[in-house]
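*Asks:* Got a sequence here, can you model it:
(chains A and B)
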There are 2 protein chains.
Amino acid sequence: MSIPSAQVIDRIQQTARRARVAAKRLALLPRAEKDRALLALADAVAAATDDVVAANAVDLARGRSHGMPESLQDRLRLTPERVAAIAQALRDLASLPDPVGEVVRGSTLANGLQIRQVRVPMGVVGMVYEARPNVTVDAAGLGLKSGNAMILRGGSAAASSNAALVGVLRDALAAQGLPVDSVQLLDGGHDDVTALITARGLVDLVIPRGGAELIQAVVLEATVPVIETGIGNCHVYVDAGADLAMAHDIAMNSKTHRPSVCNAAESLIVHQDVAQEFLPKILVDLAAAGVRLYADEAAGRAAASTGTAYLPVTDTQWGKEFHGLEMSVGVVSSLAAAIEHIDRFGTGHTEVIVTNDRVAARRFTAEVDAAAVMVNASSRFTDGGEFGFGAEIGISTQKLHARGPMALPELTSTKWVVEGDGQVR
Amino acid sequence: MSIPSAQVIDRIQQTARRARVAAKRLALLPRAEKDRALLALADAVAAATDDVVAANAVDLARGRSHGMPESLQDRLRLTPERVAAIAQALRDLASLPDPVGEVVRGSTLANGLQIRQVRVPMGVVGMVYEARPNVTVDAAGLGLKSGNAMILRGGSAAASSNAALVGVLRDALAAQGLPVDSVQLLDGGHDDVTALITARGLVDLVIPRGGAELIQAVVLEATVPVIETGIGNCHVYVDAGADLAMAHDIAMNSKTHRPSVCNAAESLIVHQDVAQEFLPKILVDLAAAGVRLYADEAAGRAAASTGTAYLPVTDTQWGKEFHGLEMSVGVVSSLAAAIEHIDRFGTGHTEVIVTNDRVAARRFTAEVDAAAVMVNASSRFTDGGEFGFGAEIGISTQKLHARGPMALPELTSTKWVVEGDGQVR
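*Replies:* Numbers count the residues shown, from 1 in each chain, chains lettered A, B, ... in the order given. Coordinates of the predicted model:
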């Protein structure tokens, strides 16, 4: 951890103070004003499509000249269609209920005091993330709807795209008579991040979103509250009681539907009673889909029996989120052994059992400790959109405050409002 | 921050690993078993009254020989009546609903997936606190009921009392066939705390409870998630629209009912329109109750007019939680100035307005950023017992996860359980 200079600390603290001023205003905005602003922001983003795509081209050219892999270029790329989708996401936010002001619970006490727990914005939320520029606009929109001022720190690879997008958003906020510092973009080096995540009392929450290294660095350095997101070493366990055709579909979908994301499966674990019947076909099909296989001894025999190539699996692969077309495959002697394996290597994101045995399903969902435990469904469903939240700022893999897909309510805190008529103790 | 030796880190990590094993068992206990165990623990504590009081006498004698003030001795002291109250608190826990398994929300998605968000234990919870030995048993009981294994680190001043109490609890757990490591006590120095609060992956949550220094140290050093508790620089604001007799009662009660605790008021702020009528009598009565007064110029004139002694208030007093019979008093020109003052000096615990003006009340409760905002009630009501929670492990002054009094639900996380019949994306 490098220590930021006094100038950097001062600059970031001034940024955070401006955010606090904006946040006070945002916290009191009625829903109608926030929704009107979201629609105006959407229109502004759509109207700026050409400028945004041009700014993105600068990032892409720099990326290519630095040898950025095509998969990363694709994550970075903004087309007119993608800009339209980004604008649409802002419009969708306008139609979601306002989390601020929701009464979570409340009662009238014996002494007549009326107490209610009401959702309020967090205040100032820092977001540290990597390449995808759509996150910039999503975060700004989620922040506005939940009444929070956002300090964004995107990846340097998307610097030009992010600057263009945030410029558009701030101009649109100003045109709506709303504080421009509702959304601020940090453009300095790693010291900016360090100063942001140690600005106690000025920043209420930091959400890191990206690779394991980024998240670990933020969690270890931060002194402001943090929500960890998104490291997903997800398993599909095929139980002795599984419908094997269903298991085949779920395993294929969990691995290959979108292998770069955190809710893709990295490991396939099969009960020994069904391994011989299940494994040969799935291994052939995974390999045909381009998946590189790491197999334990029993799974290796199944692969070999069909002439499917594999490498021996080690703890390195079991413990790895591949972010691509690779998968670890093993055979276990029991449900208990599967749970133990997941307990050892899982990251607490999403764990799947395929079974028609309700005792096994109950035990798996009770004992596996993860943000999402699934019976007979693809791991790819752990997602704010799929869960019907209408938006998502990340998937929390920690236990404090939020666990699993995070949307608008997860960007709020609460406040107890107590109303009396002179009660004393 | 001192860095613990490898031996200390190893010892604490072994402690945490034992706690994790116990936690797995606790997480699956049905309510009936937990309640039966709580009653057995209560009986065991009551049966051990003589031993506990004797152990406490050792702490008290050591405290006296080190010149411990009588107020601290009183917090430390265990009498047969207090031991009975501690046992009763365990019995009370048995009658509270089990937070584990509560379905917080859920729905059936368009594709037929049934999703539900279910409360689960945190896992291993560390608690770092100061003198009062009743916290040891309360924390153990709250942990058991919420399915968490607790690692307790009480103040050294209560070492003998805590060792006796935890010994009784562990024996009673063993007699119930429950894991003794559901409750463990750390008895080493500050390095134990440092090792505990940096045991990432082994400890799920740490709750510091005590003075400002303890809490700050834990928050800054910790790499495991923390919930800050209990720093309370609470204000009573007497608005222009206040019923002044009510305001008198509320100010007196907030300051003098139990001045050592975090929900006692430290500052009295009065609107200039009612200052001349309100201040002279309350200042006389506060002084008569033994309260040392710090006054700004206008409040000072009111004090002088009645011959009441005071010292000039400075930012030092405005910013201080006195934990005793001292109070800062000032006059403001408007509700806005009162809110600004609270914004500057408050700690986000409890803030009170006394007013019959509903516009002022709405504005105060909306704009003041605190765990509890009260209209026409004593600050002393911010309390898990008063709120009807039946128990309390502390009062959170942070915004993440829990804010205000924390009881059983706040000691839980959630898990999404997703049930399908073969859904893929």
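*Asks:* For the rest of this, base every contact and every neighbour count on C-alpha atoms.
*Replies:* Will do.
*Asks:* Flag every residue of the stretch 301-425 of chain A that's near chain B.
*Replies:* Proximity of the stretch 301-425 of chain A to chain B is confined to A:365-367, A:369-378, A:380-381, A:387-388, A:399-404, A:413-425 under the rule Cα under 8 Å from any Cα of the partner chain.
*Asks:* out of those, which are inside helices?
*Replies:* A:T365, A:A366, A:E367 (DSSP state H).
*Asks:* Turn those residues into a markdown table, including pLDDT and neighbour count.
*Replies:* Putting these into a markdown table (pLDDT from 0 to 100; neighbours: other Cα atoms under 10 Å in any protein chain shown) gives the following:
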| residue | pLDDT | neighbour count |
| --- | --- | --- |
| A:T365 | 98 | 23 |
| A:A366 | 97 | 16 |
| A:E367 | 97 | 17 |
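*Asks:* quick one, phi psi at the closest residue to chain B within chain A?
*Replies:* Going by Cα to the nearest Cα, chain B is nearest to A:H401 of chain A, at 3.6 Å. The phi and psi values for A:H401, taken as degrees, to the nearest 10, are phi 80, psi -60.
*Asks:* What is the neighbour count of it?
*Replies:* 20 (other Cα atoms under 10 Å in any protein chain shown).
*Asks:* Longest strand in chain A, by number of residues?
*Replies:* strand A:412-423 (DSSP state E).
*Asks:* Excluding sequence neighbours, find me the nearest residue to A:A40.
*Replies:* A:A172 (6.7 Å; Cα to Cα, 6 or more residues apart in numbering or on different chains).
*Asks:* err, A:N233, not the other one
*Replies:* That would be A:E321: by Cα to Cα, 6+ apart, it lies 5.0 Å from A:N233.
*Asks:* Let me see the confidence value for the one you found.
*Replies:* For A:E321, the pLDDT comes out at 93.
*Asks:* quick check: longest helix of chain A.
*Replies:* Per DSSP H, chain A has its longest helix at helix A:6-27.
*Asks:* so where's chain A shaky on pLDDT?
*Replies:* A:1 (pLDDT under 70).
*Asks:* mind giving me the domain split of it?
*Replies:* For chain A, automatic domain parsing gives the domain ranges A:6-228+A:398-419, A:234-381.
*Asks:* centre of the chain versus the shortest one, how much separation?
*Replies:* Counting by Cα atoms, centre = their mean, to the nearest Å, domain A:234-381 is centred 22 Å from the centre of its parent chain.
*Asks:* Select only the buried ones of the residues of the stretch 301-425 of chain A next to chain B in ChimeraX?
*Replies:* Of those, the buried ones go into a single ChimeraX selection, burial set by 16 or more other Cα atoms under 10 Å in any protein chain shown:
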select /A:365,366,367,369,370,371,372,373,374,375,376,377,378,380,381,387,399,400,401,402,403,404,413,414,415,416,417,418,419,420,421,422,423,424
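*Asks:* Distance of A:A159 relative to A:Q88?
*Replies:* 22 Å (Cα to Cα, to the nearest Å).
*Asks:* Leaving out chain neighbours, which residue sits closest to A:G155?
*Replies:* Nearest one to A:G155, counting by Cα to Cα, 6+ apart, is A:E130 at 4.3 Å.
*Asks:* and if you look at A:A299?
*Replies:* A:G330 (5.5 Å).
*Asks:* residues contacting A:G63?
*Replies:* Listed by Cα atoms under 8 Å, 6 or more residues apart in numbering or on different chains, the contact set of A:G63 reads A:Q73, A:A157.
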